[in-house]
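# Just to be clear, the model below is a prediction. Sequence and coordinates:
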Amino acid sequence: MPNFRLTLEYDGAGFSGWQVQAGAVRTLQGELEAAVLRVTGVRTRAHGAGRTDAGVHAEGQVANLKLETALAAPALQRALNAVLPEGLAVVTAEVVEEGFHARYHARAKLYRYRIWNGTCPSPLRAARVWWVKPRLDAAAMASAGALLLGRHDFASFQDVGSDVESTIRTLARCDVLSTPVALESSARGEIEIQVEGSGFLRHMVRILAGTLVEVGTGRREPGSLPAVLAARDRRAAGPTAPPHALTLVRVSYSSEARASEARSEPQASGVHSDRPQASEAHQGG
């Protein structure tokens, strides 16, 4: 049976996350499966690379579904985009080997968290950024983020309600990029946190972002992050940042992951070189 790999882009604001839920809840997985049924007349399960939470966006979510259809991949893509709801689109479609699974075969995921650090809100950015009014020290945030690179127990960065067997994860990138916006003397600019790893715990990226913001405001020392890891206690980390500023940028598979790691080496010296493990769960950020 043909196994289709789909790359999806979506605005998470109108959906209750990726995963199908009981009741009349609008989810991305549910809408995609409904579109497939409408186009082909076949009920099938779409498996996503990550279970993004309500409000979280994606530029490169990956899903696979096994489907008996006469439609070639490009025709299936066009047909799905014709019936999918606003806010969800299939960017690419291809037939892959039957054993491919979007979640279990993923080797790395890249998330981006955007912050508007200004003296006043930015209405045109509001749907995609977290407005933080106090001035942030991006250099201190970057220094703190670098201490999280490598393979660690991230239990302190996991919200309650998760039943994973292990909280050990590997981070290959935790970059903090600052872009000044010189509109007037009081404007400061955007700060972007890029986090890439082999897998993520429940709300892990958002807790990491909230913790780095505390570093940026001076409420927490950059060098305190190893102690936060060692505590293995959610109360040791910072707040959970809001979901609307988080985007799943890319999911990498085998050789793609190795190429991504090679490209990132000049930007993040000292990055732990362990290959991500298939056993590390890929949940929403």
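On my side now, so go ahead. Just so it is clear, the structure is predicted and the values come from calculations on it, not from any experiment.
# Tell me the buried residues in the longest strand anywhere in the chain?
With DSSP state E applied, the strand covering the greatest number of residues in the chain is identified as strand 168-180. Taking 16 or more other C-beta atoms under 10 Å as the neighbour-count basis, strand 168-180 is seen to contain the buried residues 168, 169, 170, 171, 172, 173, 174, 175, 176, 178. Quick note: C-beta positions are derived from backbone N, CA and C, even for glycine.
# of the residues you listed, closest to residue 17?
Among the buried residues of strand 168-180, residue 169 lies closest to residue 17 (C-beta to C-beta), at 20.4 Å.
# pretty sure that closest one contacts residue 151?
Yes - the pair residue 169 and residue 151 passes the contact test of C-beta atoms under 8 Å, sitting 7.4 Å apart.
# And the most centrally placed residue in the chain, which helix or strand is it part of?
Nearest to the centroid of the C-alpha atoms of the chain, with distances taken as C-alpha atoms, centre = their mean, sits residue 248, at 3.3 Å. Using DSSP states H and E, residue 248 falls within strand 246-252.
# Work out the gap between that strand and the centre of the chain.
Relative to the chain's own centre, strand 246-252 is displaced by 5 Å; criterion: C-alpha atoms, centre = their mean, to the nearest Å.
# In its sheet, which strands sit next to that strand, and in what direction?
strand 57-66 (parallel), strand 108-117 (antiparallel) (DSSP bridges).
# Ok, which of those comes nearest residue 23?
Within the strands paired with strand 246-252, the stretch nearest residue 23 is strand 57-66; the backing value is 22.1 Å (C-beta to C-beta).
# If you count neighbours, what's buried in that closest one?
Taking 16+ other C-beta under 10 Å as the basis for neighbour counts, the residues of strand 57-66 that come out buried are 57, 58, 60, 61, 62, 63, 64, 65.
# which one of those is nearest residue 130?
Of all those, the one sitting nearest residue 130 is residue 57; the distance, using C-beta to C-beta, is 13.0 Å.
# Report the contact partners of the closest one.
10, 11, 12, 13, 128, 244, 246, 247, 248 (C-beta atoms under 8 Å, 6 or more residues apart in numbering).
# I'd like the residues you listed written out as JSON lines, with distance to residue 193 and pLDDT added.
JSON lines is the format used below for these (distance: C-beta to C-beta, whole Å; pLDDT from 0 to 100):
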{"residue": "10", "distance to residue 193": "21", "pLDDT": "98"}
{"residue": "11", "distance to residue 193": "20", "pLDDT": "97"}
{"residue": "12", "distance to residue 193": "18", "pLDDT": "97"}
{"residue": "13", "distance to residue 193": "20", "pLDDT": "96"}
{"residue": "128", "distance to residue 193": "13", "pLDDT": "96"}
{"residue": "244", "distance to residue 193": "14", "pLDDT": "98"}
{"residue": "246", "distance to residue 193": "9", "pLDDT": "98"}
{"residue": "247", "distance to residue 193": "11", "pLDDT": "98"}
{"residue": "248", "distance to residue 193": "14", "pLDDT": "98"}
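# That concludes my questions; thank you for your assistance.
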